[in-house]
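Peer 1: Would you be able to build a 3D model of this:
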Amino acid sequence: MDFTTIDLPGLLLDTESAVAMKAHGSREAAVLIPIRNWPEAPRLILTERRADLRKHAGEISFPGGTSEPGDRDLEETALRESHEEIDLHPDQVEVIGAVPPVGTFATSFRIQPIVGLVAEEAKVVANPDEVATILTFGFDELLDSYGMRRLVRRGVPIRTPTFEMDRHLIWGATARILTDFFHRIGAMK
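Peer 2: You can find the predicted model right below:
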């Protein structure tokens, strides 16, 4: 797909409008959808969480986490958490909008995705306390790997969007965020 013709900021919600939308969850969280090389060869930065973590162990997710009292807003939460998890400095991210929030049922998070363009010179480094590895996937690679699948989690069968590249499976809230993002920019019908 030719992404150079897409007006990315024009297709996204402004952060304030997105935050005002309803979604399941009693605890506020935010993630950054960090995009590199826009629009020529766009790639997303994701993390693979450590396998020994108490929550979401081994899962692939966007950098992010729970809102803290010192955070001015959910945009700041996403940027702070990205800095903590992958050492991505907030001044190297141009926030261009948001997509609607997603709720998690097992952990009751209301996750607000914030979309940001990452500066070409930005270096990312995994925080070994939380992140096993940093992954980057091209938009086309992700789109080609999309499928609806039936998974069993905690003994409960669920039908969920998934993205499967080699040994990496993106599912759950992250896959729902990705699916919404790709629909919103017209990359997925």
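
Peer 1: what stretches of the chain score poorly on pLDDT?
Peer 2: Residues of the chain that meet the criterion pLDDT under 70 lie in 53-57.

Peer 1: Nearest residue to the middle of it?
Peer 2: The centre of the chain sits closest to F62, judged by CA atoms, centre = their mean, with a distance of 3.5 Å.

Peer 1: how much space is there between the residue nearest to it when sequence neighbours are not counted and E121?
Peer 2: Computed as CB to CB, 6 or more residues apart in numbering, the closest residue to F62 that is not its neighbour in sequence is V31, at 3.9 Å. From N, CA and C alone the C-beta is placed, and that goes for glycine too. Separation of V31 from E121 (CB to CB, to the nearest Å): 23 Å.

Peer 1: just M1 next, same as before
Peer 2: M1 is 26 Å from E121, by CB to CB.

Peer 1: Same drill for those two, tell me which one is more crowded.
Peer 2: Looking at M1 and E121 with other CB atoms under 10 Å, you find the greater number of neighbours at M1, namely 14 against 6.

Peer 1: quick one on the thing from earlier: I35 is in contact with the residue nearest to the centre of the chain, correct?
Peer 2: No - look at F62 against I35 with CB atoms under 8 Å: they stay out of range, at 10.8 Å.

Peer 1: list residues touching both of the two?
Peer 2: Counting by CB atoms under 8 Å, 6 or more residues apart in numbering, the contacts common to F62 and I35 are L44, I45.

Peer 1: Against the centre of this structure, work out the most remote residue.
Peer 2: Checked over the chain using CA atoms, centre = their mean: the farthest-from-centre residue is G155, at 25.6 Å.

Peer 1: Return the residues in contact with it.
Peer 2: Applying CB under 8 Å, 6+ apart, no residues qualify as near G155.
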